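A.B. asks: Any chance you can model this:
(chains A and B)
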Amino acid sequence: EAQVTQNPRYLITVTGKKLTVTCSQNMNHEYMSWYRQDPGLGLRQIYYSMNVEVTDKGDVPEGYKVSRKEKRNFPLILESPSPNQTSLYFCASSLFRQNTEAFFGQGTRLTVV
Amino acid sequence: GQQVMQIPQYQHVQEGEDFTTYCNSSTTLSNIQWYKQRPGGHPVFLIQLVKSGEVKKQKRLTFQFGEAKKNSSLHITATQTTDVGTYFCAGRGSNYKLTFGKGTLLTVNP
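C.D. replies: Prediction:
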């Protein structure tokens, strides 16, 4: 089954404790991206990757890191989480073509206390 | 940078009433996509519009892309409780980036 898998689904952590949210897709998609969803703000892109070893900042990259060492995986790293990073996070993937849809993971609800 | 505005932010309707959400982009788009997110779920692709003036239908849903390829709308006829959720438009620019509107949360009173 074609899918994007995120882990964990839920996470409560403390300020400053490094964490990684994993994202994996099995569709051989070149393009992957991370979004955060906050009430009233919609989906905002954090980082994206057009292929292996190619990553770039989205609209709200501060406080986040990513890596793309393999085509299928695109982890999101929070080196020192802060409460303002409490949010619902989605990973998405798509083919790197103009007329193609994005597939989203199930989401990770992160709470930083 | 590219911005996509979506209105209204919320819409509450009685079951059987119609519903429309509108999107406007600050720049001309290569295409526009629509997604639905059920409560507690993740965005799921509904449809893509590519051509100027394009109209597509999916059962009770009608999607339109403006002549200038800067605006779009989603119209639901005779809403049902299964239509509940947040509807997002997403515009793709020439740089491939997909920019999402803030979404319209639709609630339906049975």
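
A.B. asks: how close does the closest residue to residue B:65 other than its chain neighbours get to chain A?
C.D. replies: Residue nearest to residue B:65 in three dimensions, not counting chain neighbours: residue B:49, with 3.8 Å by C-beta to C-beta, 6 or more residues apart in numbering or on different chains. All C-beta atoms are positioned from the backbone trio N, CA, C, and that covers glycine. Taking C-beta to the nearest C-beta, to the nearest Å as the measure, residue B:49 falls 10 Å from chain A.

A.B. asks: wait, what's in contact with the residue nearest to residue A:8 when sequence neighbours are not counted?
C.D. replies: If the residues on either side of it in the chain are set aside, residue A:8 comes closest to residue A:108, at 6.3 Å by C-beta to C-beta, 6+ apart. Listed by C-beta atoms under 8 Å, 6 or more residues apart in numbering or on different chains, the contact set of residue A:108 reads A:6-11, A:21, A:88-90.

A.B. asks: Residue in chain A with the shortest distance to chain B?
C.D. replies: residue A:42 (3.5 Å; C-beta to the nearest C-beta).

A.B. asks: Give me the pLDDT value at the residue nearest to residue B:65.
C.D. replies: Confidence at residue B:49, expressed as pLDDT, is 97.

A.B. asks: again, but for residue B:97
C.D. replies: 83.

A.B. asks: for the closest residue to it other than its chain neighbours, what are its contacts?
C.D. replies: Spatial nearest neighbour of residue B:97, chain neighbours left out: residue B:2 (6.7 Å); criterion: C-beta to C-beta, 6+ apart. By C-beta under 8 Å, 6+ apart, the residues touching residue B:2 are B:25-27, B:91, B:93, B:97, B:99.

A.B. asks: What helix or strand is residue B:2 located in?
C.D. replies: Using DSSP states H and E, residue B:2 maps to neither a helix nor a strand.

A.B. asks: Give me the sheet partners of the helix or strand of chain B with the lowest mean pLDDT and which way each runs.
C.D. replies: The weakest-scoring helix or strand in chain B, judged by mean pLDDT, DSSP states H and E, is strand B:98-100 (a mean of 91). Each strand paired with strand B:98-100, and its direction, by DSSP bridges: strand B:85-92 (antiparallel).

A.B. asks: related to what we said a few turns ago, roughly how far is the least confident helix or strand of chain B from the heart of the chain?
C.D. replies: 12 Å (C-alpha atoms, centre = their mean, to the nearest Å).

A.B. asks: ok, now stretch A:7-22?
C.D. replies: With C-alpha atoms, centre = their mean, you get 12 Å for stretch A:7-22.

A.B. asks: can you pull the buried residues of it?
C.D. replies: Buried residues in stretch A:7-22, counted by 16 or more other C-beta atoms under 10 Å in any protein chain shown: A:11, A:13, A:19, A:21.

A.B. asks: where along chain A do the strands fall?
C.D. replies: A:4-7, A:10-13, A:19-25, A:31-38, A:42-51, A:54-57, A:65-66, A:76-78, A:87-94, A:103-104, A:108-112 (DSSP state E).

A.B. asks: And the contacts of the least confident helix or strand of chain B?
C.D. replies: Applying C-beta under 8 Å, 6+ apart, the contact partners of strand B:98-100 are A:33, A:35, A:42-45, A:102, B:2-4, B:25, B:33, B:35, B:88-93.
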